[in-house]
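**Student:** Quick check, what structure comes out for this input:
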Amino acid sequence: MIRTSIAVAFLIVSATFSLSAAPPARSPAQKSAPQPGGSATATAAPQYLNVKGAGATAGNAVAQEEQLPTTVLELLTELAARMQSVEKMLEDGDLGAAWYPAIRAKDIALSLEENHLGDLSPAQRAKTQSAVKRLTLAAWQIDAAGDLGDKKRLLVLYQDFSKAIAEIQSVYETQ
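**Tutor:** As a prediction, the model looks like this:
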């Protein structure tokens, strides 16, 4: 919940102010001002966030999202890996980090639904759509419970999360 609020606030600020990769113009006085522990002429330019072309570069704090695989088999493999990551984080007590693989699993499931739902029979489609909705809800709830450090709640949510993934896997593996 906190990450979502921060992300929304960031988007509002970035839409309001044009952030660019170029540093603002400096006055001559700023250029010649001595820096603590260094010389006046050899100072590094500050790094600015380039939201419009955000890429995973050294001077950019926002990394591009990983590309999802495209085939059903690759998506199912990645989905299983994300489920295992969430499980391991919960076992290790890394509750605040479980959100990332959970949300990534949600993205993978949504990709399966969007790109491969037509490969299924009508009955399998309905089952898959239901499982994707449950997975999506569980992923967001894992994010919120992780922010609160609520391990008991996370373990219950993980059961819902893993059941939804198992259902998605069984539908696509039987086609």
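
**Student:** May I see the buried residues of the lengthiest helix in the chain?
**Tutor:** Using DSSP state H, we find that the single longest helix of the chain is helix 122-148. When burial is assessed from 16 or more other C-beta atoms under 10 Å, helix 122-148 yields the following buried residues: 124, 127-128, 131-132, 134-136, 138-146. Yep, even glycine has a C-beta here, placed from its N, CA and C like the rest.

**Student:** cool, and stretch 71-89?
**Tutor:** Using 16+ other C-beta under 10 Å as the test for burial, stretch 71-89 gives 75-76, 78-79, 82-83, 85-86, 89.

**Student:** Which of those sits closest to Glu114?
**Tutor:** The nearest member of these to Glu114, counting by C-beta to C-beta, is Leu75 at 10.7 Å.

**Student:** And the pLDDT for that closest one?
**Tutor:** Model confidence at Leu75, expressed as pLDDT, equals 96.

**Student:** What residues of stretch 113-123 count as buried?
**Tutor:** Applying 16+ other C-beta under 10 Å to stretch 113-123 flags 113, 116, 120 as buried.

**Student:** what distance separates the start and the end of it?
**Tutor:** In stretch 113-123, first residue to last residue: 14 Å (C-alpha to C-alpha, to the nearest Å).
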